[in-house]
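*Asks:* Pasted the sequence and its predicted model underneath.
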Amino acid sequence: MWEYIIRGLIGLLLIIVTIQDIRWKKIRVGVVLLAAFLICICIPFCSVLSVLDRVLGLSLGLGVMLLSKATGGKIGIGDGMVLGATGMGLGFWSNMELFALALAIAAVFSIGLLVLRKANRKKVIPFMPFLLLAYIFLIIPIWS
């Protein structure tokens, strides 16, 4: 049951930050910290993933935050914070799968914009909608 609560919290977090990212191109830190705190409260009641797996999931978000600093903000630091929160809930490999799928969807979308000449390569697009779309794709059991 607690895993479902964590998955619901992650879904709710992604919906909220997607709206923020689209409307204001910023993600409020308080929302991410609240979701991370609530996920942390649920973790002791879950036995599906080890604490180490969850900490490694958090490390993916920390890596993206470091990458944000290294690129001078070309990648949003909020994206790394959200990936850190999802990593605590999903664990390393599921979070890596989520991130890779979101990057792939964003790449296809960006290529489409370039081909249709709706954007150039300097156009900034919000990443959270792709993370939400990837999460929806991963949680819906389409193969059963």
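*Replies:* Perfect, I can see it now.

*Asks:* what does stretch 85-101 rub up against?
*Replies:* 6-7, 9-10, 13-14, 32, 35-36, 39-40, 42-43, 49, 53-61, 64, 83, 131, 134-135, 137-138 (C-beta atoms under 8 Å, 6 or more residues apart in numbering). Yep, even glycine has a C-beta here, placed from its N, CA and C like the rest.

*Asks:* Among those residues, name the ones in helices.
*Replies:* Among the contacts of stretch 85-101, the members found in helices (DSSP state H) are 6-7, 9-10, 13-14, 32, 35-36, 39-40, 42, 53-61, 64, 83, 131, 134-135, 137-138.

*Asks:* how far away is the closest residue to residue 64 other than its chain neighbours from residue 58?
*Replies:* Excluding the flanking residues, the one nearest residue 64 by C-beta to C-beta, 6 or more residues apart in numbering is residue 80, at 3.5 Å. Going from residue 80 to residue 58 by C-beta to C-beta, to the nearest Å gives 10 Å.

*Asks:* ditto for residue 12
*Replies:* For residue 12, the distance to residue 58 - C-beta to C-beta - is 19 Å.

*Asks:* again, but for residue 10
*Replies:* Separation of residue 10 from residue 58 (C-beta to C-beta): 13 Å.

*Asks:* give me every residue that touches residue 25.
*Replies:* By C-beta under 8 Å, 6+ apart, residue 25 lies in contact with 124, 126.

*Asks:* Now with 10 Å, please.
*Replies:* 76, 78, 124-126 (C-beta atoms under 10 Å, 6 or more residues apart in numbering).

*Asks:* Including neighbour count, distance to residue 91 and secondary structure, could the residues you listed go into JSON lines?
*Replies:* JSON lines is the format used below for the contacts of residue 25 (neighbours: other C-beta atoms under 10 Å; distance: C-beta to C-beta, whole Å; DSSP: H, G, I helix; E, B strand; the rest coil):
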{"residue": "76", "neighbour count": "20", "distance to residue 91": "23", "secondary structure": "coil"}
{"residue": "78", "neighbour count": "24", "distance to residue 91": "21", "secondary structure": "helix"}
{"residue": "124", "neighbour count": "9", "distance to residue 91": "30", "secondary structure": "coil"}
{"residue": "125", "neighbour count": "14", "distance to residue 91": "28", "secondary structure": "coil"}
{"residue": "126", "neighbour count": "21", "distance to residue 91": "25", "secondary structure": "coil"}
